[in-house]
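Chemist: Task: produce atomic coordinates for the following.
(one chain, ligands or ions: 1)
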Amino acid sequence: MVMQCNSVNPNCFDSEIETAPRERIRHIQFEKLRKQIHWTYERVAWYRERFHELGIKPEDIRTLEDVRYLPFTDKQVLRDTYPFGLCAIPLDDVVRLHASSGTTGKPIVIGYSRHDLEVWSDCVARLVTMAGVTRADRVQMAFGYGMFTGGFGLHYGCEKLGCMMVPAGSGNTERHLMMIEDYKTTVLISTPSYALHICEVGESLGFDWAASSMRVGLFGGEPCTPGMKQEIERRMHITCTDNYGLTEVNGPGVAGECLHSRDHQHIAEDHFLWEVINPATGEPLPEGCEGELVLTLLDKEAFPMLRYRTHDLTRVTTAPCACGRTHARMLKVRARTDDMLIVRGTNIFPSQVEDVLAGIQGLSPHYLIVLDNETGMDKITIQVELRPDAFSDSFEQLDDFRHHIIDRLRQTLLITPVVKLVEPGSIERTAGKSKRVLDKREKS
Ligand code: DLL
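Modeler: Alright, predicted model coming up:
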């Protein structure tokens, strides 16, 4: 039975909507979807042309399921219409821009109206509250304040909740440690990899995490394996939640982890309509099947987004959650359709490498996959970092360990990688999203 939020879980930012019966959520979604389609069709030429090509009109969408007849949007559309081609309001009414750098060429840029910023802050305040954060908390921001949505997005959501914000920004790890100590901050916002770095630097300087004021980590922006989360929780003596979002649909605030469903994240369904599709065919998949997440913004004024293809692989369930929230939950994203590496004809996801390494005692969670084809054939080298306690002076011991890692990787990847053991601390740490793949192959 789904319990009422107020009795089981006082930690809702907006309990009326977060625990609404599913029928009510669907009703709200459909009402918003209809309006959003009209809004978009009437104001954005690119969408209007796609509707005409598909031979559909806004009034043809009569049920939530009819969303499947709408055109997809993807990053390429944002590049083709860069910078303001998808904007649905006068530029004078746009009050903020954010951008995502991506890997190639121009960034993609997204605009927000004042209403859009309000909605965004509400969504973020929800996920922050889901992690047990209250207005009594002091929140230290370790995401950058800039075009990246992480910094400002989480900042304003926390402020909305009434937290004391410490806008430290990314980098300068020792200053972060000083602020934790001096301001007695209780919540850290960062990527999981940077949180681990702060943890390690603190340990090396004798920082006493058990005695520190820090109690919650709000992570996001990159995949966080269960192993990595547990490790950070154990070493920093905090509780962490992992939160999902992407620039094209606001940024953080799309989905957040509650304290009951640790491998899933509740989607803010009154603002985002989700679909899971077969990435190869574009066909919708039934609930529970793994596929590519597609999101439609339900009340965005400035840059409406219909059926945005995220390339993120997940599965979604509407089964009740013990926390009392009724919004659907997506399985945490571990892989993207476009981060698959093809090495000598074999498909490899970095998350597979990560899973194998996480299961081997003595390795740190930092690794780097290097691909090259200097000899004319693809070569995959995996640099793995030893923990200080696994480091040994004996060459034989280290070489046995290396062969053990190769065997384990071969069983999963089905090809034999080169494995290089590297010293603790030698894989580059970044204050933002970590880079796990270095592809040096020349593309012919
Ligand atoms: O990373 C937005 C964000 C900022 C979310 C801070 C949460 C916290 P982008 O830079 O546009 O936006 O990158 C979006 O990052 O499509 C996923 O592939 C990946 N991603 C984001 N959050 C997670 C997560 C922000 N919690 C892309 N788990 C997305 C796994 C994530 N992948």
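Chemist: Let's see the pLDDT reported for the closest residue to the ligand within the stretch 301-444 of the chain.
Modeler: Closest to the ligand within the stretch 301-444 of the chain is Val333: 3.9 Å, counting by CB to the nearest ligand atom. Backbone N, C-alpha and C define where each C-beta goes, glycine included. On the pLDDT scale, Val333 is placed at 96.
Chemist: which residues does it contact?
Modeler: Pro223, Tyr244, Leu293, Asp312, Leu313, Thr314 (CB atoms under 8 Å, 6 or more residues apart in numbering).
Chemist: Okay, and the beta partners of the last one?
Modeler: I take that to be Thr314. Gly291 (DSSP bridges).
Chemist: Show the low-confidence segments of the protein, by residue range.
Modeler: 1-10, 102-105, 443-444 (pLDDT under 70).
Chemist: Residue numbers of it in contact with the ligand?
Modeler: By CB under 6 Å from any ligand atom, the residues of the chain that approach the ligand are 100, 149-150, 220-223, 242-247, 251-252, 310, 312, 332-333, 336.
Chemist: rerun that using 8 Å as the cut-off
Modeler: With CB under 8 Å from any ligand atom as the criterion, the chain meets the ligand at residues 100-101, 143, 148-150, 153-154, 191, 218-224, 242-248, 251-254, 265, 310-312, 332-334, 336, 433.
Chemist: Return the subset of those lying in helices.
Modeler: Within these, residues falling in helices by DSSP state H are Thr149, Gly150, Gly153, Leu154.
Chemist: Flag every buried residue along stretch 220-231.
Modeler: Going by neighbour count (16 or more other CB atoms under 10 Å), the buried part of stretch 220-231 is Gly220, Gly221, Glu222, Pro223, Cys224, Thr225, Met228, Lys229, Glu231.
Chemist: do the same with stretch 136-151
Modeler: Asp137, Arg138, Val139, Gln140, Met141, Ala142, Phe143, Met147, Phe148, Thr149, Gly150, Gly151.
Chemist: you'd agree the third one is in a strand?
Modeler: I take that to be Val139. Yes. Assessed with DSSP: H, G, I helix; E, B strand; the rest coil, Val139 lies in a strand.
Chemist: Assess the claim that it and Ala168 are in contact.
Modeler: No. If you go by CB atoms under 8 Å, Val139 and Ala168 don't touch, sitting 9.9 Å apart.
Chemist: what's around Lys35, how many residues?
Modeler: Lys35 is flanked by 13 other residues according to other CB atoms under 10 Å.
Chemist: Grab the nearest non-local neighbour of it.
Modeler: Nearest residue to Lys35, sequence neighbours excluded (CB to CB, 6 or more residues apart in numbering): Asp299, at 7.7 Å.
Chemist: list the contacts for that neighbour?
Modeler: Counting by CB under 8 Å, 6+ apart, Asp299 has contacts Lys32, Lys35, Gln36, His115, Val119, His271.
Chemist: OK, contacts around whichever residue of the stretch 1-150 of the chain sits closest to the ligand?
Modeler: Nearest to the ligand in the stretch 1-150 of the chain, going by CB to the nearest ligand atom, is Gly150, at a distance of 3.4 Å. Residues near Gly150 by CB under 8 Å, 6+ apart: Phe143, Gly144, Ile189, Gly220, Gly221, Gly251, Pro252.
Chemist: How are the helices of the stretch 101-250 of the chain distributed by residue range?
Modeler: 114-130, 149-161, 173-183, 192-204, 226-236 (DSSP state H, counting those that start in this stretch).
Chemist: sorry, back to before: distance check, the residue nearest to Lys35 against His264.
Modeler: Computed as CB to CB, to the nearest Å, the Asp299 to His264 distance reads 24 Å.
Chemist: Repeat that for Val422.
Modeler: 34 Å.
Chemist: Compare the two and say which one has the larger neighbour count.
Modeler: His264 (22 against 15).
Chemist: nearest residue to the more buried one other than its sequence neighbours?
Modeler: His264's closest residue in space is Arg329 (CB to CB, 6+ apart), at 3.7 Å.
Chemist: can you check Leu205 too?
Modeler: Per CB to CB, 6+ apart, closest to Leu205 is Leu177, 6.8 Å.
Chemist: Span of stretch 82-101 from start to end?
Modeler: This stretch, stretch 82-101, spans 13 Å end to end (CA to CA, to the nearest Å).
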